[in-house]
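# one predicted model, sequence on top.
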Number of protein chains: 2
Amino acid sequence: MSHALRLASGLSRTYPWVSSPFIVSAPMRVMSGPALAVSVSRAGGLGFLGPGVQTQDMLRDLEETASLVQDLRTSSSVFPSAVLPVGVGFQLWADDLDTAVAGIGRFKPCAAWLFAARDGSSDYDRWSRRIRDASSGTQIWVQIGTLAEARGLLAGSERPDVIVVQGAEAGGHGRAKDGLGLFTLLPEVVDAVAARRIPIFAAGGIADGRGAAAALCLGADGVVMGTRFLASEEARISRGYQGEIVRASDGAVSTTRTLLYNHLRGTMGWPEEYSPRTIINRSFVEHQAGRSFEELKKCHDEAARAGDAGWGPEGRLATYAGASVGLIHGVKDAAAIVHDAQEAVRERISH
Amino acid sequence: MSHALRLASGLSRTYPWVSSPFIVSAPMRVMSGPALAVSVSRAGGLGFLGPGVQTQDMLRDLEETASLVQDLRTSSSVFPSAVLPVGVGFQLWADDLDTAVAGIGRFKPCAAWLFAARDGSSDYDRWSRRIRDASSGTQIWVQIGTLAEARGLLAGSERPDVIVVQGAEAGGHGRAKDGLGLFTLLPEVVDAVAARRIPIFAAGGIADGRGAAAALCLGADGVVMGTRFLASEEARISRGYQGEIVRASDGAVSTTRTLLYNHLRGTMGWPEEYSPRTIINRSFVEHQAGRSFEELKKCHDEAARAGDAGWGPEGRLATYAGASVGLIHGVKDAAAIVHDAQEAVRERISH
């Protein structure tokens, strides 16, 4: 077997139900709910719950997840009993640590994915310590988008169990200005982290087995897909939004990073290092043409009341998505997404 | 053998001396001279001569190349006799078609790499026809950086023999604003071109076998390295410049796209779709801080007189390079670059 396909032994001990290559569904805020996360883990990947509108929402999602997993345990022994075979994601600048820790302590998710700290590695250290105190079986995953962030993590007092390297093609929030794609960023981080033997996962622009295989060749131990899972049967997403993921092509041109849609939705306060990638529609086109924010906001709010019709090239609503949209041509169930990607990887890099 | 490692049969007929995986040295303006191009082809890759300061310079380079190849032919029969086993690159907006065609007709390079047309696919069609009339054995390679350009080529009257897809990490001139990395761009172009069966080569951000293997997994038939070959013994480059390629790290942050250095050097007229990626030094830092162009130009011209000392973090001179600089840690001879990359690819994606 090619060494790119071999799971790091620590990973196969910690996540024994996961098959190689290691496929993860990203913790997309609100949209990655229990149905998606459990389907991905059941298919031999690792599913993450996304942050909720409020941290408190995570508790409801964890409770539902635990119930779904309990149903599966009665018919199969694939999942270990000590942890919930699903991870949870937090945006550190916005989420409440005490509430997060309470949920983690009670439900023991196998992993906590930390992202977007306001104060960099000191925040990651603080969250990591509290989470580990509450649940020793919960692994700490930290998402970064630059080599400097990777170095900051290595200099911190808490060693992350997994580092997720996110490239510039990623949808939703990522580095606003100092990020590039995975082609050079990923191997540079792999080299910088090599001596510490921390597994590296790749995210951003991966939507099928081709991208997954490429990331493994660049040195990743596993891959994360986000946008691809927005077009899954299990995603907690509006039909209009999902239709746009399937429709859009030419991701380098049809998506852009902008804070406009955050502001139209009333989302403020993200640390300035981040901005989200979104599919371009009327709101952005007219913003570029100079239309006032007040007018755009009025049109946006009207579109929000229109439901699914508010998305689309002539729509107004936020359509956070990665540049991989042009590789996604239909809605599939999450298990098929995992299995199709795994098979395509094996065709490319196994014997 | 993994299908990602199998050379398209047309490629192995046309370039019989090339071994799999197919590695190309990019036609970097002035810096890719006869010594580099011939070394790469001799090592089982395909070397390209870069455009000269003037198109006329290409004739001298072709003459020297022909002489180097003649010496090799006497000791080996690896190269076919009908063509020169080296390609030539042109920037269409700047190069003179009549001069280019005269050189191609006389020296029969195996490939002509066309880039940066001012009028898009009609220019490529015109150059392609003239080149094919002058030398039927010269294959036409066209470099693009967006899906729209790929579609434009397919709609043109002349079918290119090879399409080179350049991602945003590339050094030197590439798409100024509408480009992204290869992770999503490359498979989207591969899908768009699939029905036409035109081989696709990947460029931009590839500096070792990891990136080469990744590009092959994403669907490329071969890979192009530029910056990596700037740090070769054979590159026609100043020592100070080359030292910077080796020194620089964190390519996503230490390089940027800017027209500043073009203007400092007096290079004007590039079509507005393009700008070059360069390693950041004092000129750019002070430009960002608001120092006037006149003052920067004066400092730049002084630095130019200082020779090798004009490069470096405190230097002033243009240091065009890709974001892969952080993956390049030393100067190697071109044959070692080709062989090391090929071997690392085989470790990753062959059985």
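Structure received.
# okay, CA-based contacts and neighbour counts for the rest of this
Fine.
# residue A:319 and chain B, how far apart?
18 Å (C-alpha to the nearest C-alpha, to the nearest Å).
# residue contacts, that residue?
By C-alpha atoms under 8 Å, 6 or more residues apart in numbering or on different chains, the contact list for residue A:319 reads A:241, A:244, A:278-280, A:311.
# including secondary structure, pLDDT and neighbour count, could the residues you listed go into CSV?
As requested, those are exported to CSV (DSSP: H, G, I helix; E, B strand; the rest coil; pLDDT from 0 to 100; neighbours: other C-alpha atoms under 10 Å in any protein chain shown):
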residue, secondary structure, pLDDT, neighbour count
A:241, helix, 98, 24
A:244, helix, 98, 18
A:278, strand, 98, 27
A:279, strand, 98, 29
A:280, coil, 98, 27
A:311, coil, 97, 25
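# distance to chain B added to the residues you listed, as TSV?
Putting those into TSV (distance: C-alpha to the nearest C-alpha, whole Å) gives the following:
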residue	distance to chain B
A:241	20
A:244	17
A:278	14
A:279	14
A:280	13
A:311	23
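# what is the nearest of these to residue A:200?
residue A:278 (25.6 Å; C-alpha to C-alpha).
# please name the bridge partners of that closest one.
residue A:256, residue A:320 (DSSP bridges).
# surely it meets residue A:322?
Yes. With contact defined as C-alpha atoms under 8 Å, residue A:278 and residue A:322 form a contacting pair (6.9 Å).
# quick check: the gap between residue A:92 and chain B.
In terms of C-alpha to the nearest C-alpha, residue A:92 sits 24 Å off from chain B.
# got the contact list for that residue?
A:114-118, A:123.
# correct me if wrong, but residue A:313 is in a strand.
No. Applying DSSP: H, G, I helix; E, B strand; the rest coil, one finds residue A:313 to be coil, outside a strand.
# now it: closest residue in space that isn't a chain neighbour?
Excluding the flanking residues, the one nearest residue A:313 by C-alpha to C-alpha, 6 or more residues apart in numbering or on different chains is residue A:281, at 4.8 Å.
# in contact with that neighbour, which residues?
Applying C-alpha under 8 Å, 6+ apart, the residues near residue A:281 are A:311-317.
# joint contacts of residue A:278 and residue A:322?
A:171-172, A:255.
# ranges for the strands of the stretch 151-300 of chain A?
Taking DSSP state E, counting those that start in this stretch as the test, the strands found in the stretch 151-300 of chain A are A:162-166, A:172-175, A:200-203, A:222-225, A:255-257, A:274-279.
# residue B:259 is nearest to which of these?
Using C-alpha to C-alpha, the strands of the stretch 151-300 of chain A put strand A:255-257 closest to residue B:259, at 22.1 Å.
# residues in contact with the closest one?
Counting by C-alpha under 8 Å, 6+ apart, A:176, A:275-280, A:321-323 sit against strand A:255-257.
# ditto for stretch A:193-207
A:8, A:11, A:150, A:154, A:160-171, A:181-182, A:186, A:190, A:211-212, A:215, A:219-228, A:322-324, A:327-328, B:183-184.
# do stretch A:121-131 as well
By C-alpha under 8 Å, 6+ apart, stretch A:121-131 touches A:92, A:97, A:101, A:104-105, A:114, A:117, A:138, A:140, A:142, A:149, A:152-153, A:156-158, A:160.
# mind redoing it with 6 Å?
With contact meaning C-alpha atoms under 6 Å, 6 or more residues apart in numbering or on different chains, stretch A:121-131 is reached by A:101, A:117, A:152-153, A:156, A:158.
# what about the closest residue to residue A:236 other than its chain neighbours, which SS state?
Spatial nearest neighbour of residue A:236, chain neighbours left out: residue A:31 (4.4 Å); criterion: C-alpha to C-alpha, 6+ apart. Here residue A:31 is coil, with the state taken from three-state DSSP.
# can you check residue A:148 too?
Assignment for residue A:148 (three-state DSSP): helix.
# ok, it - how many residues close by?
Neighbourhood size, residue A:148 [other C-alpha atoms under 10 Å in any protein chain shown]: 13.
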